[in-house]
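A.B. asks: Whatever this is, show me its structure:
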Amino acid sequence: MVSDWWRAGFLPLWSAAEEPVDETLCTVSVVCGWLPCAPLGDARSHRHLHRLYRMVQPVPETINFPAEEEQILKIWKQYECFQESLKQAKNRPRYTFYDGPPFATGLPHYGHILAGTIKDIVTRFAHQSGFSVERRFGWDCHGLPVEYEIDKTLGIKGPEDVATMGIAEYNRHCRGIVMRYSSEWESAVTRLGRWIDFKNDYKTLYPSFMESVWWVFKQLYDKGLVYRGVKVMPFSTACNTPLSNFESHQNYKDVQDPSVIVTFPLEEDESVSLVAWTTTPWTLPSNLAVCVSPEYQYVKIKDNSTGNLYIMMEARLEALFKSDSEYTVLDRFKGAALKGKKYRPLFDYFSKCKETGAFTVLVDNYVKEEEGTGVVHQAPYFGADDFRVCVDYGIIQKDSTPVCPVDASGCFTAEVKDFAGLYVKDADKHILKYLKEKGRVVHSSTYKHNYPFCWRSETPLIYKAVPSWFVRVEHMVDKLLENNDKCYWVPEFVREKRFGNWLKDARDWAISRNRYWGTPIPLWVSEDFEEVVCVGSVAELEELSGIQVEDLHRESVDNITIPSNCGKGVLKRVSEVFDCWFESGSMPYAQVHYPFENKREFEDTFPADFIAEGIDQTRGWFYTLLVLSTALFGKPPFRNVIVNGLVLASDGQKMSKRKKNYPDPMHVVNSYGADALR
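C.D. replies: From the prediction side, this is the model:
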């Protein structure tokens, strides 16, 4: 056993002078394994080894493992074992590790503990294998998690409330809760035996971090990868902001929604109606067209019970009828025969759009035979395919005033006078009642399906067209896949399947958020957006504006103007802030204030040798890291990655503080020990 200890490097290296053995230090070396061995065969070391061997106590019949661990933790703290190990390894070859930043607005859960244990094991092994391994803890300080807590606490209902309070005051409240649970995090992580540096941490709210984020953005802007557009996006009405595609995929739930089939009488013969199906009645007031498949077979049928005449896809007759005896087929034709036919709209709110071709039958191959009636109602500012098809047919223009009568809180605006002020989901039943009274409803029921919810507020998302700033991603899908192939994934199937498939369908990334507590997007623009200046540093902002700033949050930079070079007066900053995923994806550069400091050190140690997180980060941090490193440097951000699964409650459900369906992790640690949990 002693020789095994010796070979494992668990014995202290003594000085040349003969001196008494510090028995506590011997214990430290055994417990920690951080001091290198004396050369094998050294006689004096053999004497010390003999003394150390005599220190080993018999193992008692019963052991209180949590108490034993507490004793080890005291020794680690007393002798600053982790810090000492970093000092001793300073001149060794570097092994680079990136720690993904959690939010400190909540307590650590089993998912954090699992990923943290994997990180601890690998980085300890790298250290013991002869490398210097810097392990810095990081904190995600901006974004929806913080703002949502403040909105609940202060009763903030929308942008008007923030405007009344003032952004400076709002952000002061946000800053006040950012590190609410930081001490609990440090206590829990330390108690679990993980060695990581909390003193030399990084926070996304540090001005140095934010400045590097500006630099990253300017590189993308200078490469022509940034543009402003109107795009139908997942939108959180509770948080008043659009979400990126990968955020919207994080929280799906089975829900019961209204299922309604409505009529669109043809202008040429109002006794004949197209029938369309929807699970979002609230989008019907914004209808501008209907769409059919050009290739599938459609039929004109008579409802034998009512005598009404309908047109729908033949393959979807089951959506309206239970048996063949309930209808009579009067005519058959391809969907293409319906192209260009005009119909009577459900509402007259946007009748002026008829001048640009609205209330017409369009054809597109996205219409399938799996669900609905084969006739799809088009509300172009509430559906991505609707938007694309209506733009293709010239019914709307990308730069035209949107037909989008829903505000940031998800309530109808005054344009929809019959339902103004109603939250869209609450308006469904009122819209159905209105349409039934007008005789436009053929069938209504409920429909169970999987629907996206906001990952922060747990409220249903809607799809809504909003002006946003985007980073071009679609053009570099091949390069993303190539860089992904250079990374070693554990398990390996994640690279090819979960992550690889996500990359193949990557879409341009909406990086702007209409929020307050975040890194401001450093674009100063003229009123017509024709003159745009992208600022990449604090020094550049001072050079352009004559104003020096120490903080980069909105309250510090929103009022700064830059003189126009085109005779357009002064340029003002756009109001948006960065998606917090853009910040976490920038952490390799921003944590070391690259390129303003540590330039050579960073470039010598990039990409990272190792990262690890849960499987959910294939659409989060892993993705944003890869997109930004590929866009900036053309190479992957990490060489090796371990992906852990999700820890579920004993009933197979997601762990929920509200449901209280899992034990407090620290109760488990204090009862059975951290090693048992690890």
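
A.B. asks: Give me the pLDDT value at the residue nearest the centre of the chain.
C.D. replies: Centroid-nearest residue in the chain: residue 247, 3.8 Å away (criterion: CA atoms, centre = their mean). Here, the pLDDT recorded for residue 247 equals 72.

A.B. asks: Repeat that for residue 158.
C.D. replies: 77.

A.B. asks: Residue numbering should commence at 156 henceforth.
C.D. replies: With the count now opening at 156, the last piece we talked about shows up as residue 313.

A.B. asks: hang on, the earlier thing: now for the nearest residue to the residue nearest to the centre of the chain once chain neighbours are set aside, how many residues are close by?
C.D. replies: Leaving aside its chain neighbours, residue 402 sits nearest to residue 610 (6.0 Å; criterion: CB to CB, 6 or more residues apart in numbering). C-beta coordinates here come from the backbone N, C-alpha and C atoms, glycine included. By the criterion of other CB atoms under 10 Å, residue 610 has 19 neighbours.

A.B. asks: Just the buried residues of stretch 762-781, please?
C.D. replies: For stretch 762-781, the neighbour count (16 or more other CB atoms under 10 Å) marks 762-781 as buried.

A.B. asks: Quick one: mean pLDDT for it?
C.D. replies: For stretch 762-781, the per-residue pLDDT averages 93.

A.B. asks: Next, the distance between the ends of that stretch.
C.D. replies: Length of stretch 762-781, first residue to last, CA to CA, to the nearest Å: 11 Å.

A.B. asks: quick one on the thing from earlier: so what's the residue nearest to the centre of the chain up against?
C.D. replies: 389, 610, 736, 775 (CB atoms under 8 Å, 6 or more residues apart in numbering).

A.B. asks: want to try a markdown table for those residues, with distance to residue 747 and secondary structure as columns?
C.D. replies: Converted to a markdown table, these look like this (distance: CB to CB, whole Å; DSSP: H, G, I helix; E, B strand; the rest coil):
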| residue | distance to residue 747 | secondary structure |
| --- | --- | --- |
| 389 | 33 | strand |
| 610 | 29 | coil |
| 736 | 20 | helix |
| 775 | 22 | coil |
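
A.B. asks: Lowest-confidence entry in these?
C.D. replies: Where pLDDT dips furthest among the contacts of residue 402: residue 610, at 75.

A.B. asks: any idea where the strands of the stretch 206-355 of the chain begin and end?
C.D. replies: Assigned by DSSP state E, counting those that start in this stretch, the stretch 206-355 of the chain shows strands spanning 291-294, 352-358.

A.B. asks: for the last one, which positions count as buried?
C.D. replies: To tie it back to what came earlier, the one meant is strand 352-358. 356-358.

A.B. asks: Contacts only, for the nearest residue to residue 788 once chain neighbours are set aside.
C.D. replies: Excluding the flanking residues, the one nearest residue 788 by CB to CB, 6+ apart is residue 761, at 7.7 Å. Listed by CB under 8 Å, 6+ apart, the contact partners of residue 761 are 251, 743, 788, 792.

A.B. asks: Give me the buried positions along stretch 804-822.
C.D. replies: 810, 817, 820-821.

A.B. asks: So which of those residues sit within helices?
C.D. replies: If you go by DSSP state H, the buried residues of stretch 804-822 have 820-821 in helices.

A.B. asks: so which of the buried residues of stretch 804-822 comes closest to residue 754?
C.D. replies: residue 820 (40.1 Å; CB to CB).

A.B. asks: any idea where the strands of the stretch 556-705 of the chain begin and end?
C.D. replies: Assigned by DSSP E, counting those that start in this stretch, the stretch 556-705 of the chain shows strands spanning 596-607, 617-626, 643-645, 664-665, 667-668, 678-680, 687-689.

A.B. asks: want to throw the ones you listed into a markdown table with mean pLDDT?
C.D. replies: Conversion of the strands of the stretch 556-705 of the chain to a markdown table gives the following (pLDDT from 0 to 100):
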| stretch | mean pLDDT |
| --- | --- |
| strand 596-607 | 90 |
| strand 617-626 | 89 |
| strand 643-645 | 96 |
| strand 664-665 | 88 |
| strand 667-668 | 90 |
| strand 678-680 | 97 |
| strand 687-689 | 96 |
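
A.B. asks: among these, which is the most enclosed?
C.D. replies: strand 667-668 (a mean of 27; mean count of other CB atoms under 10 Å).

A.B. asks: who does that strand touch, helix- and strand-wise?
C.D. replies: strand 396-397, strand 732-733 (3 or more CB pairs under 8 Å, 6 or more residues apart in numbering; DSSP states H and E).

A.B. asks: What pairs with that strand, parallel or antiparallel?
C.D. replies: The strands beside strand 667-668 in its sheet (DSSP bridges) come out as strand 732-733 (antiparallel).

A.B. asks: List the beta-bridge partners for residue 420.
C.D. replies: Applying DSSP bridges, one finds that residue 420 bridges with residue 428.

A.B. asks: contacting residues for it?
C.D. replies: 426-428, 498-499 are the contacts of residue 420 under CB under 8 Å, 6+ apart.

A.B. asks: how much space is there between it and residue 266?
C.D. replies: 54 Å (CB to CB, to the nearest Å).

A.B. asks: Please apply the same query to residue 423.
C.D. replies: Counting by CB to CB - residue 423 and residue 266 are separated by 60 Å.

A.B. asks: So between these two, which is more surrounded?
C.D. replies: With neighbours defined as other CB under 10 Å, residue 423 and residue 266 compare such that residue 266 has more, 19 against 9.

A.B. asks: ok, which stretches of the stretch 706-833 of the chain are strands?
C.D. replies: Counting by DSSP E, counting those that start in this stretch, the strands of the stretch 706-833 of the chain are 716-718, 725-728, 732-733, 766-769, 795-799.

A.B. asks: Reformat those strands as JSON lines; add distance to residue 326.
C.D. replies: Listed next are the strands of the stretch 706-833 of the chain as JSON lines, based on distance: least, CB to CB, whole Å:
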{"stretch": "strand 716-718", "distance to residue 326": "20"}
{"stretch": "strand 725-728", "distance to residue 326": "15"}
{"stretch": "strand 732-733", "distance to residue 326": "10"}
{"stretch": "strand 766-769", "distance to residue 326": "28"}
{"stretch": "strand 795-799", "distance to residue 326": "34"}
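
A.B. asks: Could you point out which of those sits nearest residue 370?
C.D. replies: Distance to residue 370, taken as CB to CB, is lowest for strand 732-733 among the strands of the stretch 706-833 of the chain, at 12.7 Å.

A.B. asks: From the chain's centroid, how far away is that closest one?
C.D. replies: On the basis of CA atoms, centre = their mean, to the nearest Å, strand 732-733 sits 13 Å off its chain's mean C-alpha point.

A.B. asks: what does stretch 766-777 give?
C.D. replies: Worked out by CA atoms, centre = their mean, stretch 766-777 lies 10 Å from the chain centre.

A.B. asks: Restrict that stretch to CA atoms and write it as CSV.
C.D. replies: Only the C-alpha atoms of stretch 766-777 are listed here, as CSV (Å, rounded to 0.1, in the frame of the first residue of the first chain):
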residue,chain,number,x,y,z
ILE,A,766,-15.5,21.9,-21.7
ALA,A,767,-18.5,20.0,-20.3
GLU,A,768,-22.3,20.8,-19.9
GLY,A,769,-25.7,19.1,-20.2
ILE,A,770,-27.3,17.9,-23.4
ASP,A,771,-29.6,21.0,-23.5
GLN,A,772,-26.5,23.1,-24.3
THR,A,773,-26.3,21.6,-27.8
ARG,A,774,-28.8,24.3,-28.6
GLY,A,775,-27.3,26.8,-26.2
TRP,A,776,-23.8,27.4,-25.1
PHE,A,777,-22.1,24.8,-27.3
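
A.B. asks: Which residues outside it are in contact with it?
C.D. replies: 252-255, 266, 269-270, 273-274, 277, 401-402, 404-405, 649, 653-654, 657, 736, 739-740, 778, 780, 793, 795-801.

A.B. asks: re earlier: in which helix or strand would I find the residue nearest to the centre of the chain?
C.D. replies: Counting by DSSP states H and E, the element that carries residue 402 is helix 400-403.
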